[in-house]
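> Have a look; sequence and predicted model below, questions after that.
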2 protein chains.
Amino acid sequence: MAIPKDARIQLSPEDIPKRWYNIAADLPNLQPMIHPVTKEPVKEEDFKAIFCDDIIKQELSKERYIDIPEEVRDALISLNRPSPLQRAYRLEKYLKTPAKIYFKREDMSPLGSHKGNTALAQAYYNANAGIHTLTTETGAGQWGTALAMVSNLFDIKTTVFMVKGSFMAKPLRKTIINTYGATVYASPSEYTDFGRKVLKEHPETSGSLGIAISEACEMAAKDEHTCYALGSVMNHVMLHQTVIGEETLQQFGIGEIEPDYMIACVGGGSNFAGFTFPFLREKMAGKHKDCEIIAVEPKAAPSLTKGEFKYDYGDTAGMTPLMMMYSLGSQYIPPAIHAGGLRYHGMSPLVSAAFDQHKISAVSYDQTDTFAAGITFARTEGIIPAPESCHALKCAIDKAIECKEKNEAKTIVFNLSGHGLLDLYGYEQALEGTLPKSGSD
Amino acid sequence: MAIPKDARIQLSPEDIPKRWYNIAADLPNLQPMIHPVTKEPVKEEDFKAIFCDDIIKQELSKERYIDIPEEVRDALISLNRPSPLQRAYRLEKYLKTPAKIYFKREDMSPLGSHKGNTALAQAYYNANAGIHTLTTETGAGQWGTALAMVSNLFDIKTTVFMVKGSFMAKPLRKTIINTYGATVYASPSEYTDFGRKVLKEHPETSGSLGIAISEACEMAAKDEHTCYALGSVMNHVMLHQTVIGEETLQQFGIGEIEPDYMIACVGGGSNFAGFTFPFLREKMAGKHKDCEIIAVEPKAAPSLTKGEFKYDYGDTAGMTPLMMMYSLGSQYIPPAIHAGGLRYHGMSPLVSAAFDQHKISAVSYDQTDTFAAGITFARTEGIIPAPESCHALKCAIDKAIECKEKNEAKTIVFNLSGHGLLDLYGYEQALEGTLPKSGSD
């Protein structure tokens, strides 16, 4: 038995993509963001209180490609980019499926997830603009960890508002964020007007991403050398994540891989967009015609499968622009699930538009099913996936079982957006049979 | 600024070494193990109660090279081998040192440490021999996690005796081991005669590696289809870990790297041996004459720097053979430190012999200093090192500072034996300033 060539398809640091792909150039009928007060389409200057100029330009850009600065490419090495594309031979064997299953390894970042890809681009541009502090929100903790780590690379400080429920349930995240030298507050906090207001009205609340976003934006707006950094949803975040998908296309070429399914989980949409948009560009240009691109969401926050395509706020306080997106309503607070990174009321406007235009499909799962998939993956491939990534995995396994039933040797590729070593409590519950079901059919 | 060629030197799956290096062929005056009852040199049959034949052969072998089975090479891919050799540019810049600092990335295994390298070789040989269960001990949890994971790859079951102090302090380790499908008991346990005896005499004990080894050996000896697997100390474990050092030699060739210091931490000695022995072979053959090879131990268990070179037991109960090694005494229970993997009374006989013959040197550090080094590394290189690996790192940083003082552009290479994402409590204490000093000068 020789080592199969596609067991792991890896690239070299020089293969780190030289430009990001901006799908806003190729998706028709994109609706502009609307100013929350004037109700007019937002202009560059509307963002200046919270974003630096380069980020604003990228957010509003219709350019198809945007060059990745060499300093950012260099820093991507610290995130272990390019990440391997790996074949799940042992999982295939366990499932007795004729399907081929590949997965992209965003778990190999020292941060444990894909979040660093945009964190360091944002830190770079802000540092260049003379910003000394970035504020942000975090749900599960992945994004706050990412920004805390990369801000060191560009000599910038970070303040993280972490959804209180996660903050209490995951004290290790606080330790990691502090180890990287950043400050982290449980949200709602006493450090902002909006936080104090929420605490007064709902002193027992476990918080939400929407509330934490409001707090981070408020703090950024109040200091001219402080900006806000967002971990998902907005166009520039999707843009920065496309390094995942551009690498994947290179790896498809090397491995002569023609996927039938491209699968990723969605919360705000960034790992999905990063993984699939470069591929979708090729598909829109006439290639890969038969490939289905699937967004997998939790039943607890099913914005694509149960939400409405409408203008809505990105946060709870109504401070952000209104975005045309699939949403469960900006006041919706999803039930507690372990996949905190998917616990968001809305969906990236770019992902939403792609879904509305039937360029991608969507499916939702309960966490009891996704953790079971995660345990299977751990016992076959040896990797414990993040609760979020278990959603993509569960869908990939379902497709592989379908292939078995139909005896079809299809090719399934999913994005393993992160590992679960910092989110083990869900696995403990799953093993003990005490994992609560979340969401309904 | 272009990406520097030595930012990350990576190899391909095909470059996974084809044979292990057995330093027993090259070290003179190695003393045989002595049977604990007969006091005669141990023979193959003496091990049959706890080890399978292939492992026994490797343990006693004087062959310089032993072929790595293709199944094992294939499985090493699942541990993300070959692992990269990376340059710590950001740490160098922070230290303002003219030294070059490289580190080998054993943290990139999904297990978070180097332990899988021998775990899967042992699981492979035992599965081939018809063994259905492996028993083992674990201190910090890295080794138990590794064996639990790889046993799935070869359809074998694992029972882990985890030192009670660690078991209580690190509940997440139990979750991981269970997620991989293995059983884990706090040691001393009620499941063995020796465990019951210890519990009766010392009901409040937090256990030790020596006690846990005794329990695992006892359970293996009582069932003919159960064998014991050891995570360090013995010759076959050192052998299996040499994939680290063989890869490193390939990477030195590619990067044209000539090290002045090779540094790794030591508990039982396996990551040190794996990283340095292939290099030491070259050094003994006349190359790399000026390179110093440094073993770094905790002041809490300073077997090389404070121990005695003598015959001693590997465990507390006196069930193992007597080994000629540096030891603090088999009854010595090291004080609690976060680097549980270094908390052992003895030292690999091969590492001990190399030290006795002045082929390597040794140094010890207190954990307050090693965690400070870990925090520096996290804030520069973005990786949170395992508490064990912080020992090697601390020594590398000290050498880099020396280089700064002397204005010498030396090359320092250390082994990052694992990441610290599962051992964050020590970092929390370090950040809060409540980390206890351990050991004395």
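Perfect, thanks for sending it. What you see is a predicted model, and the numbers here were worked out from it, not measured in a lab.
> Where does pLDDT dip in chain A?
Along chain A, segments meeting pLDDT under 70 span A:1, A:439-441.
> domains for it, by residue range?
Residue ranges for each domain of chain A read A:8-15+A:73-113+A:235-432, A:21-68+A:114-226, as given by automatic domain parsing.
> gap between the two ends of the first one?
This means domain A:8-15+A:73-113+A:235-432. With Cα to Cα, to the nearest Å applied, domain A:8-15+A:73-113+A:235-432 spans 34 Å between its terminal residues.
> and what of the shortest one?
Taking Cα to Cα, the span from the opening residue of domain A:21-68+A:114-226 to its closing residue is 28 Å.
> Is that domain in proximity to chain B?
Yes. Counting by Cβ under 8 Å from any Cβ of the partner chain, chain B has neighbours in domain A:21-68+A:114-226: A:149, A:150, A:152, A:153, A:171, A:172, A:175, A:176, A:178, A:179, A:180, A:181. (Glycine included, C-beta is placed from N, CA and C.)
> and the residues you listed, which of them are in helices?
The members of the residues of domain A:21-68+A:114-226 next to chain B that map onto helices under DSSP state H are A:149, A:150, A:152, A:153, A:171, A:172, A:175, A:176, A:178, A:179.
> Need the winner for burial among the domains of chain A.
Neighbour counts (mean count of other Cβ atoms under 10 Å in any protein chain shown) averaged over each of those peak at domain A:8-15+A:73-113+A:235-432, with a mean of 23.
> right, quick check: that one against chain B, any contact?
Yes. Counting by Cβ under 8 Å from any Cβ, chain B has neighbours in domain A:8-15+A:73-113+A:235-432: A:8, A:10, A:12-14, A:73-74, A:77-80, A:84, A:90, A:107-108, A:110-112, A:374-375, A:378-384, A:419, A:421-422, A:424-425, A:427-428, A:431.
> List the contacts of residue A:207.
By Cβ atoms under 8 Å, 6 or more residues apart in numbering or on different chains, the contact list for residue A:207 reads A:163, A:164, A:165, A:167, A:186, A:187, A:188, A:198.
> Render the CA-only coordinates of the helix or strand harbouring the third one in CSV, please.
Under the criterion DSSP states H and E, the helix or strand holding residue A:165 is helix A:164-169. Written as CSV, here are the backbone C-alpha positions of helix A:164-169 (Å, rounded to 0.1, in the frame of the first residue of the first chain):
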residue,chain,number,x,y,z
LYS,A,164,-22.3,36.6,28.2
GLY,A,165,-23.7,33.1,27.9
SER,A,166,-20.5,32.0,26.1
PHE,A,167,-18.3,34.0,28.4
MET,A,168,-19.7,32.1,31.4
ALA,A,169,-19.7,28.7,29.7
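> packing partners for it?
helix A:171-179, strand A:183-187 (3 or more Cβ pairs under 8 Å, 6 or more residues apart in numbering or on different chains; DSSP states H and E).
> which residues does residue A:178 contact?
Applying Cβ under 8 Å, 6+ apart, we find residue A:178 in contact with A:184, B:427, B:428, B:431.
> Ignore what I typed, I meant residue A:330.
Residue A:330 makes contact with A:210, A:312, A:313, A:314, A:315, A:316, A:318, A:345, A:346 under the criterion Cβ under 8 Å, 6+ apart.
> residues in contact with residue A:321?
A:33, A:34, A:35, A:36, A:42, A:46, A:313, A:314.
> again with residue A:198
A:188, A:205, A:207, A:211.
> List just the nearest of those residues to chain B.
Nearest to chain B among the contacts of residue A:198 is residue A:207, at 22.1 Å by Cβ to the nearest Cβ.
> Please tell me how far that closest one sits from residue A:190.
From residue A:207 across to residue A:190, the span is 13 Å (Cβ to Cβ, to the nearest Å).
> just so I have it, where are all the helices in the stretch 51-200 of chain A?
For the stretch 51-200 of chain A, the helices defined by DSSP state H, counting those that start in this stretch cover A:53-60, A:70-78, A:89-95, A:116-128, A:142-153, A:164-169, A:171-179, A:193-201.
> Who are the packing partners of the second one?
Judged by 3+ Cβ pairs under 8 Å, 6+ apart, the packing partners of helix A:70-78 are helix A:116-128, helix A:142-153.
> Who are the packing partners of the first one?
For helix A:116-128, the helices and strands in contact under the criterion 3+ Cβ pairs under 8 Å, 6+ apart are helix A:53-60, helix A:70-78, strand A:133-138, helix A:142-153, helix A:235-255.
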